[in-house]
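> Fold the following, please.
(2 chains)
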Protein chains: 2
Amino acid sequence: MSTPDPARRNETSRRAVLVATLDLLQEVPYARLSIEGIATRAGVGKQTIYRWWPSKAAVLFDAFLLLSEAGEGEAPMLPDTGDLRADLTAVLRATVAELNDPRLAEPMRALATEVAHDEALAAAYHERLDAPLREAKRARLRSAQEAGELSADLDLDVAADIIWGPVLNRWLQRSCPLNDEYVDALVDTALRGMQRRAEAS
Amino acid sequence: MSTPDPARRNETSRRAVLVATLDLLQEVPYARLSIEGIATRAGVGKQTIYRWWPSKAAVLFDAFLLLSEAGEGEAPMLPDTGDLRADLTAVLRATVAELNDPRLAEPMRALATEVAHDEALAAAYHERLDAPLREAKRARLRSAQEAGELSADLDLDVAADIIWGPVLNRWLQRSCPLNDEYVDALVDTALRGMQRRAEAS
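Below you'll find the model as predicted:
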């Protein structure tokens, strides 16, 4: 069709803004990213960005959603092969690979620090990203509980914090290398206490 | 003595700068804190600050050291009453109280986010704050191992990450209330797997 489609044109501009944001984050730190710079790179007017997003952090958030493909569609799910240790190892190794990939790392680092300082963004982050992911973690652990792999009285929220928390922390604190060996040690140490004990103990 | 003492005068100015930084962080977010603002509040010239610190982040770091009284003196130690669960609960409850105290929380939040973005600062942070604290955590866990409270083959670094990581994460992510109930559930869930199993299991 040769008639212009305003909805499609808007969607094209919107994606251009988000992709420009991700591209620029490979070149400059988030603190030096400006709405003006994003507009120039995206080939849109600054006013277009201000019309759709209240702040630079809001653009970042949508760019991150685009990247993580979590913006729309079905809820996230973790693999469930029936072997919790194998599934957690696979998931955490994939997370570590993402955290070590600069294309993903820079926007994630920026988002993590914005969330720490901005309560409104923290609320959006939890509703759209963290809560669905947390439910997926709980669901996988619950399935292991039902299969008798985990203690029936385990607090699944705390268990998820214990399993996933250290990876995020090491990454944010840049404290130690994040690699597969660390993931294996983490899964091993975290799980050994959560697994169902022998009846005698 | 009435003769001026340059060393003491320098120390007085240095503390004035650090205290001014902490005071200002109760009023404005770190991103809006300026060297000029700190100088004015401290009653020193801007050049004095630039002479002693290479960046705003470096001032923040020293202010935080002043606050945590970790700048000089002996290495940190965790309580060791012989009851690991009780000691960890006490330590983590105290940490949670600090994280919920705005006087401590704002500089800590600023420092945590600067560390995430600044590799040089991350290195200083690890050398002067994190490494001594990590050694104290390891020492307390090692003592519990020697007393037979923890499994002899436990990876103490990973165990420390599992016990301390979730509290820091919840705080940075502003995801959930951080309170004594959470600490209790965390210590319980983390420890149950690390404790020595009955021989039969």
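> The lowest-mean-pLDDT helix or strand in chain A vs chain B: in contact?
Least confident element among the helices and strands of chain A, by mean pLDDT, DSSP states H and E: helix A:102-117 (a mean of 84). Yes. Helix A:102-117 lies within reach of chain B by C-beta under 8 Å from any C-beta of the partner chain, at A:109, A:112-113, A:115-117. Every residue, glycine included, has its C-beta placed from N, CA and C.
> Any chance of a markdown table for those residues, columns neighbour count?
Formatted as a markdown table, these follow (neighbours: other C-beta atoms under 10 Å in any protein chain shown):
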| residue | neighbour count |
| --- | --- |
| A:Arg109 | 21 |
| A:Ala112 | 20 |
| A:Thr113 | 22 |
| A:Val115 | 24 |
| A:Ala116 | 20 |
| A:His117 | 18 |
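> would JSON lines of those with distance to A:Gly45 be doable?
Converted to JSON lines, those look like this (distance: C-beta to C-beta, whole Å):
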{"residue": "A:Arg109", "distance to A:Gly45": "29"}
{"residue": "A:Ala112", "distance to A:Gly45": "30"}
{"residue": "A:Thr113", "distance to A:Gly45": "28"}
{"residue": "A:Val115", "distance to A:Gly45": "29"}
{"residue": "A:Ala116", "distance to A:Gly45": "32"}
{"residue": "A:His117", "distance to A:Gly45": "28"}
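> Out of those, which comes closest to chain B?
Using C-beta to the nearest C-beta, the shortest approach to chain B within the residues of helix A:102-117 next to chain B belongs to A:Thr113, at 3.9 Å.
> The closest one reaches B:Val115, doesn't it?
No. Using C-beta atoms under 8 Å, A:Thr113 is not in contact with B:Val115, being 9.7 Å away.
> and A:Trp52, how many residues sit next to it?
15 (other C-beta atoms under 10 Å in any protein chain shown).
> how close does the residue nearest to it when sequence neighbours are not counted sit to A:Trp53?
In space, and not counting its chain neighbours, A:Trp52 is closest to A:Arg14: 6.7 Å by C-beta to C-beta, 6 or more residues apart in numbering or on different chains. Note on A:Arg14: its distance to A:Trp53, by C-beta to C-beta, to the nearest Å, is 10 Å.
> quick one on the thing from earlier: for the least confident helix or strand of chain A, what is the distance to the chain centroid?
In terms of C-alpha atoms, centre = their mean, to the nearest Å, the centre of helix A:102-117 is found 9 Å from the chain centre.
> Would you map the helices across chain A?
Assignment of helices within chain A using DSSP state H yields the ranges A:6-24, A:35-42, A:46-52, A:56-68, A:84-99, A:102-117, A:119-125, A:131-146, A:156-173, A:180-194.
> Single out the most deeply packed of those.
Ranked by mean neighbour count, those are led by helix A:156-173 with a mean of 22 (mean count of other C-beta atoms under 10 Å in any protein chain shown).
> Remind me what it packs against, helices and strands.
Secondary-structure packing of helix A:156-173 (3 or more C-beta pairs under 8 Å, 6 or more residues apart in numbering or on different chains; DSSP states H and E): helix A:84-99, helix A:102-117, helix A:131-146, helix A:180-194, helix B:102-117, helix B:156-173, helix B:180-194.
> rerun at 6 Å
In terms of contacts (3 or more C-beta pairs under 6 Å, 6 or more residues apart in numbering or on different chains; DSSP states H and E), helix A:156-173 is packed against helix A:131-146, helix A:180-194, helix B:156-173, helix B:180-194.
> Break chain A down into its domains, please.
Per automatic domain parsing, the domain ranges recorded for chain A read A:6-52, A:84-194.
> Redo these as TSV? Include distance to B:Gly82.
Below are these laid out as TSV (distance: least, C-beta to C-beta, whole Å):
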stretch	distance to B:Gly82
domain A:6-52	47
domain A:84-194	21
